[in-house]
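*Asks:* Sequence plus predicted model, see below.
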Amino acid sequence: VEAARPMLVGASAEAPKLIEHMWELAASMDAARRCRAEVLYGCGRFLQGDAIGAATHAGRWRELIEVEGAVSAGPFLADTAVLYYGYSHQVPEALAILDAVEPAIRSSCATGALVPVLCARSFLIYGSDLRGCVAAGRDAVALSEETGQAGLTAVAERTLVIAAATVGDESLTNQVADLLLISGDEASVVWARAALGRLLLVQDRPEAAVEQFALLRDRIGPVNTTFAQFEADEAEALVRAGRVDAARQLVPALEADAAARGAWSRGQLQRILALLAPDIDAASVHFAAARDEFAATDNKVALGIAELTWGEWLRRAKRRAEARRHLERALEIFGLAGAVGFRRRAEEELAAAGGSVDRNRPADELLNPTELHVARLAAGGLTNRDIAGQLFISPRTVENHLGAVYRKLGVANRSALAARAMTDPVLRPVART
């Protein structure tokens, strides 16, 4: 059981075979160990595409808690049953496990047992509460380091890197991605590259995203055996970069996931089919199907991305009024989920479609990282040439960034920007150097 458990977390290709062998040996185990083995066996059935078997055997988690107690069973369930329910998009059941064990673990001050529970909670709430996800992931990693359990942070680190990318936090994404890349572990490398690709999509840099996914493919080849379902992001990057034929080659993998994994995967397939559709009417049929599939899950981020891309495609087809409806919905969803990076993109699209955005929010929610840096320097009184020298860009590029800053913040000039900085601490001027 303990040999197969870490292989499950890493989605090792050897895990199903080892878990099957473990289950054969479980016949001679006592009741407690057999119950633990059965939960793990259910997870193994999920890896092999047996949804009924997975639900039947992993569903014994309640008995395991009764037999072992929450403090003992909690970390094991966080690494096994919770991940199974999460990856099969049965989030309420996964949260029920954590809610059943976490209070007892906290009350007993079992710090070590809390680490995998926090890791799992961070993983589960990624799609619905990015702020909470990042907070739980940070806590799990920090607590793991304090208690010397670095090996238990894989799920937290992988969840944290993709969450940071979705938020648009470039610094945190790069920091965690570097840790994962240094590890050399294949699954960790995949998550790191997938997150870097996602970050570049958030920043609307599809060509650079394609490069990240190419590095990922160099590592794993054409078949993805990890739990990182990055193919939809990869396909979107390829479409946006004008490599439509390459994106079409990913459709069979998306179809296989859709057949095996449920509503979220079906939604991703429909969204990519929309991006590949020959015209906006055909695309809208697929976008509507994607929206409906995502609405049946707890993943607000995926739903928001579907609305965003639908709105983008409608705007490009000069159907601006329809585009605004979807972009406004995307803004609302991203706001609820804390997806700041995607919200910025939705605001830019909405403005381009003739809509209005709330310019009274903090500047870091309205500007991308480069624009924010330029705005702070300008608010501090630096000239375009001074800013260009500090950032190693041309004065014309600085002028372009400032134009975007003025438009997004609803200010007319540097004086108005400085006035805005007086009431918005995010824009606090950077001291001259």
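*Replies:* Great, that's in hand.

*Asks:* Quick one: the helices in the stretch 301-433 of the chain, in order.
*Replies:* Under the criterion DSSP state H, counting those that start in this stretch, helices of the stretch 301-433 of the chain are mapped to 320-337, 340-352, 363-366, 369-379, 384-391, 395-409, 414-423.

*Asks:* so which of the ones you listed gets nearest residue 200?
*Replies:* For residue 200, the closest of those is helix 340-352, at 10.6 Å, according to Cβ to Cβ. In this view, the C-beta of every residue, glycine as well, is placed from N, C-alpha and C.

*Asks:* now the chain, which segments are flagged as low pLDDT?
*Replies:* Confidence mapping of the chain against pLDDT under 70 gives the ranges 1-15, 145, 147-155, 359, 369, 429-433.

*Asks:* Nearest to residue 218 among the helices of the stretch 301-433 of the chain would be which one?
*Replies:* Closest among these, using Cβ to Cβ: helix 340-352, at 26.0 Å.

*Asks:* Go ahead and name everything in contact with the closest one.
*Replies:* 165-169, 199, 202-204, 301, 304-305, 308, 311-312, 315, 323-324, 327-328, 330-331, 334-335, 356-357, 364-368, 407-408 (Cβ atoms under 8 Å, 6 or more residues apart in numbering).

*Asks:* Same question for that helix: list its buried residues.
*Replies:* The neighbour-count check on helix 340-352 (16 or more other Cβ atoms under 10 Å) flags 340, 341, 342, 343, 344, 345, 346, 347, 348, 349, 350 as buried.

*Asks:* any idea of the angle that helix forms with helix 395-409?
*Replies:* 90 degrees (axes from the mean of the first three to the mean of the last three Cα atoms, to 10 degrees).

*Asks:* related to what we said a few turns ago, I'd like to know which of the helices of the stretch 301-433 of the chain lies nearest to residue 239.
*Replies:* Closest among the helices of the stretch 301-433 of the chain, once you apply Cβ to Cβ, is helix 340-352, at 15.4 Å.

*Asks:* quick check: angle from that closest one to helix 369-379?
*Replies:* Going by the same axes, to 10 degrees, helix 340-352 makes 80 degrees with helix 369-379.

*Asks:* send the alpha carbons of helix 340-352 over as PDB?
*Replies:* Only the C-alpha atoms of helix 340-352 are listed here, as PDB (Å, rounded to 0.1, in the frame of the first residue of the first chain):
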ATOM      1  CA  VAL A 340      -7.100  38.400 -11.900                       C
ATOM      2  CA  GLY A 341      -5.000  37.700 -14.900                       C
ATOM      3  CA  PHE A 342      -7.900  36.400 -17.000                       C
ATOM      4  CA  ARG A 343     -10.000  39.200 -15.800                       C
ATOM      5  CA  ARG A 344      -7.500  41.700 -17.200                       C
ATOM      6  CA  ARG A 345      -7.800  40.000 -20.600                       C
ATOM      7  CA  ALA A 346     -11.600  40.100 -20.400                       C
ATOM      8  CA  GLU A 347     -11.500  43.800 -19.600                       C
ATOM      9  CA  GLU A 348      -9.300  44.600 -22.600                       C
ATOM     10  CA  GLU A 349     -11.600  42.600 -24.900                       C
ATOM     11  CA  LEU A 350     -14.700  44.300 -23.400                       C
ATOM     12  CA  ALA A 351     -13.200  47.700 -24.000                       C
ATOM     13  CA  ALA A 352     -12.400  46.700 -27.500                       C
END
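
*Asks:* Can you tell me the closest non-neighbouring residue to residue 143?
*Replies:* The spatially closest residue to residue 143, leaving aside those adjacent along the chain, is residue 115, at 5.3 Å (Cβ to Cβ, 6 or more residues apart in numbering).
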